[in-house]
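> Fold the stuff below for me.
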Amino acid sequence: MKIRTLKLREAHKPSPGYGAANGSSFCSILWDQQARHLVTASSSDSGISIHDALLPSTTPKILRHHRDGVTALALSPNSTCLASGSIDNSVKLYRFPGGEFETNITRFTLPIRALAFNQSGSMLAAAGDDDGIKLINTVDGSIARVLKGHKGSVTGLAFDPMGEYLASVDSMGTVLFWELQSGTILHTLKGVAPNTGLDTSLVNILSWSPDGEMLAVPGLKNDVVMYDRDTAEKVFTLRGDHLLPLCFLSWSPNGKYMATSGLDRQVLIWDVLKKQDIDRQKFEDRICCMAWKPVGNTLAVVDVSGKYGLWESVIPSSMKSPTDDIPQSSKKSNGLMLFEEEGQEPCSSGSLGDLGEDSVGESGPPSRKRIRKRSEFDEDDPAENTLDGFGLLPQRMAPKRTHYSAREHLDKGSNEELRSTAMSVRSKMQEAFQPGVTPVQPGKRRFLCYNMLGTITTMEYDGYSHIEIDFHDTSRGPRVPAMTDHFGFTMACLNENGSVFANPCKGDKNMSTLMYRPFSSWANNSEWSMRFEGEEVKVVALGVHWVAAITSLNYLRIFTEGGLQKHILSLDGPAVTASGSKNQLAVVTHASSCLPSSDQVLEFQVFDIRNGTRPSRGRLPLSPGSHLIWFGFSEEGLLSSYDSKGVLRVFTSQYGGSWLPLFSANKTKKSDENYWVVGLNANKLFCIVCKSTEVFPQVMPKPILTLLDLSFPLASSDLGADVLENEFILNNLHLFQIQKRIEESSSDDGRDTTELDDEAFSTEAAQDRCILRLIASCCNSDKLVRATELVKLLTLEKSMKGAIKLVTALKLPNLADRFNSILEERMLIETKGMSETAGVAVSQGSGLARNGTASEVPSGPSCIPSSSTTLSAPRFFKKVVNRGEQKGRNDHNLQTAREVQPEVASSGGSTELRTAAAAGTQELNGTSNPFLKSSSNGPTKETTSQRPPSNPFKKSAK
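You can find the predicted model right below:
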C-alpha cells in the first residue's frame, strides 16, 4: 500500500516543562460546522489558536485566558460556543468564531482532561483528574449532575447522538455507560482500553458512531473494539498494521470510515463495514488528535509537538465520500443558540452572561422555562423528558427494538430534518465572592483574605489545610499562631480584633461552618463556631464587636463577638459580596435578573449594626458589560467598589447619595497588566499589579503593593490643567467628608472637633492654592469668565487679595475690578451675618439672665461661627485660636504658598504670569492673622510694611 508524506506547520511550540518526556504534549484540533475555521490547542501552551481554513497563511487568532496549558476543546453543535479546559482547573466559554471570552462556566480542583457537548448544545460534560464528571447546564451555568464512578483520571467523554447515554473512559482503561436521565451506571467495562499511566500526552478516548449504534474504544491488541449501545457487548474489532497501542480515533461524518493513530506514529484509514484499512500515512511524531472536515474529503491532524496539517483526499475518489449520506441523528443541531452568530437575529433574552474571571459557576437560580426541540417520536407530554424541570436530560427510550424501529422509520424517509428553534438564553447572574480571596491552586498556597491590615493564607495537604495569619505592620497586630484547618475553609475576613472563616457545604455529612477566632480575650475558649443545615455561607464580614455571614437562603446572620446570634435578616436577592468597617456593614445583592445586554443589576445596602439602622441603600453602578470584582471601605470609611472594566467608585452622600468614579485603570495600566485591588485611602489606590496572563497574585513570591494616584476620568480640557482640575475636585470631596464628620461628632455627645477643624483649615488652604493656580492658567488661556467663577470659590480673605494682585500684575484691570467687587460684596455679607449672629446671642443672653442662668451663655470669640465647606459662598471669619496654633498655621501657609510659583512656571506660562502668580500667593506668606478682615478693601501701607522683607519665590541676587 502506498505510503504518503504530509508536511505539517507549527501551531504551538513544544515545552519540556509540560506534559510527558521529550517535550511531548497532548494537542487538540477540531473543525467548525461550516469548515471555515480550525481550532488548535496544546497542554504546553496557555493559548488557543483559531486558524482561517480558507486563508491558512494568515496569522491565527490567539485566545489567552488560561493561566496554564489547554488540555481539552469542545465546540457546540452550531459552532457558536467554544469550550476549553486547562491544567489551571478551569473550564471557559468563548464566542465563536470571534473568540470573545464569555465566562468561567465551572472550576475543578485538579486539571481538566475531557470536554463534550451534547447534540443540542444544552449540556457540557467536563471531567479530568478530579473525582467526578460534571454535567453543566449551558443555559444558566448550573451543575445539573455530578457523575462519580471512575477510579482514575477521566480522559474521554462522548454523548450518545440519540441523547440517552454518556460514555466515559479513564486512564486505567475502564469504560462506563451512564444513563443521563437517572445518572446511574448502566454498564462497566473494566480494563478494556490501555492503561496510559502518568503520561499526560497519551490519553484514552472513545467515540460514538454517527448513527449512535456503536461505541468505538481503543483495544488492548493495537486494535479498535466496537461495543453495542444498549447491551455494551463487543460487536467486532478493527485490527490491522498498528504495531503499538492506539492513541486516538475519529469517525468520518457519515460513519463509513474511521481514522486511527497509534504510538507507532502511523495514521490508518479504515473502511468500517469491510473491517480493513484502505490507506495510511507515517509521521515524524505521534499524532495525538484528528478531526474530519465536515464538508469535503479532508482529515486534519496535530502531533505531540504542536504541528498540524491537512490530509487532503483521504478517501479514494472511487469510493463514497466521507460526507455523503450522513445519518439523520448525527446532523448538527441549531436548536440551542448559546451565543448569537453574526448576521443572525439576536435571541429574545440575550446571551449567556459573564460570570467573572474567578467565579465558580456551580450554582445559580433556576433558568426560565425553555422551548425544547421535538421530533415525530417525542411523546405528547412535553413535561416528560426533563431533569428537574430544565428539559436537559431526555428520558431513556424503550429497549433496543424501539430504537431500531425509529431508525427504520428514518430510513424510509418519512421523518424530515428536525425543526430548530432559536433558544432564549438567560444571562448568568454573577456568583457570590469574598473580597481578597484567590482561587484554589493544587500544591500552592493561596489567599483566604488580603486586605489593608494583613493576609490569611492556606495550603491544602492530605485531608486538611495549614492556615497562617500575617500583618503588614507587625507592630500593629498581634502574633497569631498557625492553625490546622480540618473544615476546608474557602473564605476568611480579618480585622484588628480577630478573624472569621467559612466553608461551603460538602455533602450531607460536611455542613457549612462559620468559625470566629479572636486574637485576644480575657476568657479561655473564646473561639466559637456555627454550623448550618440546609444552607451554606456565601460571604463573611467583620466589624467592631460583630460578625456577619450571608447564606445561600439569602439570610443575613449577625453574631456578637462572643458568638451570640443577635439578628437574622432576609435580603431582597442573592448575595454578591459584603464588607465591614467599624459599625458599618455593606452588602451587595442582585436586584433582578441580568439585562438583555448581559449587564448585572446589583443593589447595595449599608447597615449600622450598633444602632440597628440602614442609613443607605440604592443601586450599585457598574461599567457596561462588567461585573463586580472588589468591594470594601476606604481607610477613611468610604464605601468603594471596583469592577472588571477597571473603574473604582466611591460612595458619597452628595446629591442625596452618589457614586463618584475616582479611578480608571484604562488610563494608567499597560496592555499586559491587571490590577488586583487591595484597598484605598484618601489619595491612593493600593493594588497588586498582575501580568495579563494572571488575574490574581501568588502567595510566593510575596506580592508587592503598588500605590496609584486617584484621578477622576476628566474630559480633555481646553485649559490644559487636568492635574489641577483633578486636585480641585478631590479637595472638594475631602472637604465635604470632613464637614460631615464634624457634624456627626458635634451631634454625638458634643465631642471635641478641634482636630477636625484643623484638618478642614489645612484642606481649605490647599484648595485655595489650587484655585489660585487654576486662575493663573485661566488668565494665561484667556478664560476670564472661568477665572471669575473660580475666585468666588476661594475661602480665605488673603487668597482673594492674592487673586486680585495676580490679575493686576497680568495687566487685566477689568478682571481686577470684578474681583474687587466680589471681595467687597462677600465682606458686606459676612459683616451683616456677624451682626445678626451677635444680636441673637445678646437676645438669648438677656433671656437667660432673667432666668438666673446668664453665666452659662458663651461669650466672646467662641460665638463666631466656624468655617463652612460650602465653597460657593465661603466665610472669611474663623474661630479664634491661641497664638501657638496661629503661629503653626502661619508657618504652614508660608511653606505651602511657596509651591504656587514653581507649579505655574512648569505649566509653561510666561514670565509675566509667573511674576503675577508670585504676587498673588505672597498674600498667604504674611505673618498677620489670616482670619481677621483688614480695615479697608485693599491693602494699606501698614499692612504692606508687615510683609516679609523678600519674595520667597524669587532667586536671591548673587
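
> Find the residue ranges of this protein scoring beneath the pLDDT cut-off.
Applying pLDDT under 70 to the chain picks out residues 1-5, 14-23, 328-427, 463, 507-509, 692-693, 748-750, 837-958.

> Quick one: the helices in it, in order.
Along the chain, counting by DSSP state H, helices occupy 400-411, 722-747, 754-780, 784-791, 797-809, 813-850, 883-897, 900-906, 911-921, 941-945.

> doesn't Leu823 make contact with Met801?
To be clear, residue 801 is Lys; Met isn't right here. Yes - using Cβ atoms under 8 Å, Lys801 is in contact with Leu823, at 7.4 Å. In this view, the C-beta of every residue, glycine as well, is placed from N, C-alpha and C.

> show me what contacts the residue nearest to Gly454 when sequence neighbours are not counted?
Nearest in space to Gly454, with sequence neighbours left out and distances taken as Cβ to Cβ, 6 or more residues apart in numbering, is Phe471 at 3.9 Å. Phe471 sits next to 453-454, 477 when contact means Cβ atoms under 8 Å, 6 or more residues apart in numbering.

> From Cys493, how far out is Phe471?
As judged by Cβ to Cβ, to the nearest Å, Phe471 and Cys493 stand 14 Å apart.

> To what extent is the closest residue to Gly309 other than its chain neighbours buried, counted in neighbours?
Leaving aside its sequence neighbours, Gly309 sits nearest to Leu8 (Cβ to Cβ, 6+ apart; 4.0 Å). Leu8 sits with 18 neighbouring residues when counted by other Cβ atoms under 10 Å.

> what's the spacing between Leu8 and Lys307?
Taken as Cβ to Cβ, the span from Leu8 to Lys307 is 4 Å.

> Check Arg229 too.
Applying Cβ to Cβ to Arg229 and Lys307 gives a distance of 36 Å.

> cool, Ile467 as well?
The separation that Ile467 has from Lys307, given Cβ to Cβ, amounts to 46 Å.

> what does Ser521 give?
Counting by Cβ to Cβ, the gap from Ser521 to Lys307 is 65 Å.

> between these two, who's got more neighbours?
Comparing Ser521 with Lys307 by neighbour count (other Cβ under 10 Å), the higher total belongs to Lys307, at 22 against 14.

> so the more buried one touches Arg286, yeah?
No - counting by Cβ under 8 Å, Arg286 is not a contact partner of Lys307; they are 11.2 Å apart.

> Check the burial of Thr188 by counting its neighbours.
13.

> Apart from its neighbours in sequence, what residue is nearest it?
Per Cβ to Cβ, 6+ apart, closest to Thr188 is Leu176, 5.7 Å.

> contacting residues for that neighbour?
149-150, 167-169, 185, 187-189.

> Repeat that for Lys506.
By Cβ under 8 Å, 6+ apart, the contact set of Lys506 is Gly488.

> where along the stretch 601-750 of the chain do the strands fall?
Counting by DSSP state E, counting those that start in this stretch, one finds strands in the stretch 601-750 of the chain at the ranges 602-608, 613-620, 628-633, 639-643, 647-652, 658-664, 673-680, 684-691, 705-709.

> quick one on the thing from earlier: measure the residue nearest to Gly309 to Pro504 for me?
46 Å.

> With Ser520 instead?
Distance check for Ser520 against Pro504: by Cβ to Cβ, it reads 29 Å.

> go on, Ala291?
39 Å.

> the more surrounded of these two?
In terms of neighbours (other Cβ under 10 Å), Ala291 is the more surrounded of Ala291 and Pro504; the figures are 22 against 19.

> the strands in the stretch 201-350 of the chain, which residues?
Under DSSP E, counting those that start in this stretch, the stretch 201-350 of the chain gives strands at 207-208, 214-218, 224-228, 234-238, 246-251, 257-262, 266-271, 276-282, 287-292, 298-303, 307-312.

> Using a markdown table, lay out the ones you listed together with distance to Asp722.
Supplementary listing: the strands of the stretch 201-350 of the chain in a markdown table, determined by distance: least, Cβ to Cβ, whole Å:
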| stretch | distance to Asp722 |
| --- | --- |
| strand 207-208 | 61 |
| strand 214-218 | 66 |
| strand 224-228 | 69 |
| strand 234-238 | 72 |
| strand 246-251 | 59 |
| strand 257-262 | 61 |
| strand 266-271 | 63 |
| strand 276-282 | 64 |
| strand 287-292 | 54 |
| strand 298-303 | 52 |
| strand 307-312 | 50 |
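
> Give me the spatial nearest neighbour of Ser781, chain neighbours excluded.
Of all residues not flanking Ser781 in the chain, Leu719 sits nearest, at 5.6 Å (Cβ to Cβ, 6+ apart).

> and Leu638, backbone torsions?
Torsion angles at Leu638 (phi, psi; degrees, to the nearest 10) stand at phi -90, psi 130.

> Burial check on the closest residue to it other than its chain neighbours, number of neighbours?
Using Cβ to Cβ, 6+ apart and skipping residues adjacent in sequence, the residue nearest Leu638 is Val650, 5.0 Å away. Residues within reach of Val650, counting by other Cβ under 10 Å, total 22.
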